[in-house]
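Return atomic coordinates for the entry below.
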Amino acid sequence: MPTIFDAHTFALTAHAGQIDKGGQPYMRHLERVANAALARAGHARLVDGLDIDPMVVMQAALLHDVLEDTPRSTADLRAAGFTPEVIEAVGILTKPKERTAYSERITAGSLPAILIKMSDNEDNLCPSRTLPNATFLRERYATAFGRLKEAAAALGYTGR
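Next comes the predicted model:
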């Protein structure tokens, strides 16, 4: 079974040369999201007593944009040995080719995917990652974060 290091290496290779909106290597965004998602998953497991594997969450968080923003596919993830749980979470977090309502995607019942998306939205709300005149984006991320928090609470999550 792949390790966190393997997920990091896969993401680092797949996103090589990509930079984020703030001009930083894209991998830094993935690392921040993974660390925040790991903390949330730890809370879910230790405080809320939920059946969630923090290592699955961290791997999926590192890989959460690989299908959407790189030429990699689910077949590549399978070939690298990632578990079905990791691949499922990454798939849920990937914008589908056919339009699907965001509300349907976030309430798919996958706590790992919801916690990762909460962490992703939180990182996207960081002033260094949004354009100065992008008030509409900040509002969209803040609204989405609230909806994600509600979806997580419906599954028993009590963290922030």
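
Tell me which residue is most central in this structure.
Ile116 (3.4 Å; CA atoms, centre = their mean).

Quick one: the helices in this structure, in order.
4-14, 26-46, 54-63, 66-69, 74-79, 84-93, 102-106, 111-124, 135-154 (DSSP state H).

Check these for me: which has the lowest mean pLDDT.
Lowest mean pLDDT of these: helix 102-106, a mean of 63.

can I get the helices of the chain in a markdown table with distance to Arg160?
Using the backbone N, CA and C atoms, a C-beta is placed for each residue, glycine as well. Putting the helices of the chain into a markdown table (distance: least, CB to CB, whole Å) gives the following:
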| stretch | distance to Arg160 |
| --- | --- |
| helix 4-14 | 23 |
| helix 26-46 | 8 |
| helix 54-63 | 16 |
| helix 66-69 | 26 |
| helix 74-79 | 30 |
| helix 84-93 | 20 |
| helix 102-106 | 17 |
| helix 111-124 | 9 |
| helix 135-154 | 8 |
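
Name the stretch among those helices that sits most buried.
Most buried of the helices of the chain, by mean neighbour count (mean count of other CB atoms under 10 Å): helix 54-63, with a mean of 27.

okay, the angle between that one and helix 4-14?
10 degrees (axes from the mean of the first three to the mean of the last three CA atoms, to 10 degrees).

quick one on the thing from earlier: how about the helices of the chain, which one is nearest Asp20?
helix 26-46 (5.0 Å; CB to CB).

List of residues touching the closest one?
8, 11-12, 15, 18-20, 50-54, 57-58, 60-62, 64-65, 69, 111-112, 115-116, 118-120, 122-123, 129, 156-159 (CB atoms under 8 Å, 6 or more residues apart in numbering).

6 Å - rerun?
11-12, 15, 18-20, 50, 52, 54, 57-58, 61-62, 115-116, 119-120, 123, 157, 159 (CB atoms under 6 Å, 6 or more residues apart in numbering).
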